[in-house]
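**Student:** here is a sequence together with a model predicted from it:
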Amino acid sequence: MGTRLWLEEAVKERFPQLRYVRVRTSGRHRAVIYAWDGDLRLTDKDAAALRRYAIGGFSHYICFSVEPYDRVPAEGGTNPDVPEPLKAAALRPELNQDDIFAMLGSLFPGIGVAFNRYDEITGTVYIHVYGHGVITPDDKRKLERYAEELIPVGSTAKLIFFE
């Protein structure tokens, strides 16, 4: 599996000259790697090398494209605040389904999280969220954002809340 955080770290490790790196899911089984070097540019050479690396080094079921960092969508320009345990889990290359749902459940006492299904055509992971009471709108937003941080790039999460 390759989470956003894991892929960003892998790119930075492989290409230390790239100072700014963001990876975003851009559609079903698609992702964009945004990057700049220390001079705030993405050379053709770096873009080509990064494209080759993504094709050979990451998931084969994801179509990667490479863009300059200034094309990161406005909502994706900054790293969202995520709790340290979630960040540590997302950086693990061996993160699996059980780990994902255990992590989400551990961050929200009184809320249960369970896998429902995966739609291979759309790349959507359906997740059931059970509250022992009312789940606040803020907790719902956090759960959605945290789920996106833990599922593989190229997929999206759809949370279904049961209160």
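**Tutor:** Looks like it arrived, so ask away. Since we're looking at a predicted model, the values are computed, not measured.
**Student:** which parts of this protein are helices?
**Tutor:** For the chain, the helices defined by DSSP state H cover 4-14, 44-57, 84-90, 97-107, 137-150.
**Student:** and this structure, what are its domains?
**Tutor:** 4-76, 84-162 (automatic domain parsing).
**Student:** adding distance to G27, mean neighbour count and mean pLDDT, write the helices of the chain out as JSON lines.
**Tutor:** Every C-beta, even on glycine, is put in place using the N, C-alpha and C of the backbone. Formatted as JSON lines, those follow (distance: least, Cβ to Cβ, whole Å; neighbours: other Cβ atoms under 10 Å; pLDDT from 0 to 100):
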{"stretch": "helix 4-14", "distance to G27": "15", "mean neighbour count": "18", "mean pLDDT": "95"}
{"stretch": "helix 44-57", "distance to G27": "15", "mean neighbour count": "14", "mean pLDDT": "93"}
{"stretch": "helix 84-90", "distance to G27": "21", "mean neighbour count": "16", "mean pLDDT": "93"}
{"stretch": "helix 97-107", "distance to G27": "21", "mean neighbour count": "17", "mean pLDDT": "90"}
{"stretch": "helix 137-150", "distance to G27": "14", "mean neighbour count": "17", "mean pLDDT": "93"}
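**Student:** out of these, nearest to T122?
**Tutor:** Of all those, helix 137-150 sits nearest to T122, with 14.8 Å by Cβ to Cβ.
**Student:** relative to helix 97-107, how tilted is that closest one?
**Tutor:** When axes from the mean of the first three to the mean of the last three Cα atoms, to 10 degrees is applied, the directions of helix 137-150 and helix 97-107 differ by 150 degrees.
**Student:** show the pLDDT at the residue nearest to F101 when sequence neighbours are not counted.
**Tutor:** In space, and not counting its chain neighbours, F101 is closest to V113: 5.0 Å by Cβ to Cβ, 6 or more residues apart in numbering. V113 carries a pLDDT score of 93 in this model.
**Student:** ok, back up a step: distance to V125 for the helices of the chain - can I get that in CSV?
**Tutor:** Shown next, in CSV, are those (distance: least, Cβ to Cβ, whole Å):
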stretch, distance to V125
helix 4-14, 14
helix 44-57, 21
helix 84-90, 15
helix 97-107, 9
helix 137-150, 8
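**Student:** among those helices, which comes closest to H128?
**Tutor:** With Cβ to Cβ, the closest approach to H128 among the helices of the chain belongs to helix 97-107: 9.8 Å.
**Student:** and for the closest one, what's in contact with it?
**Tutor:** Contact with helix 97-107 is made by 83, 85-86, 89, 92, 111-115, 127, 142-143, 146-147, 150-151, as judged by Cβ atoms under 8 Å, 6 or more residues apart in numbering.
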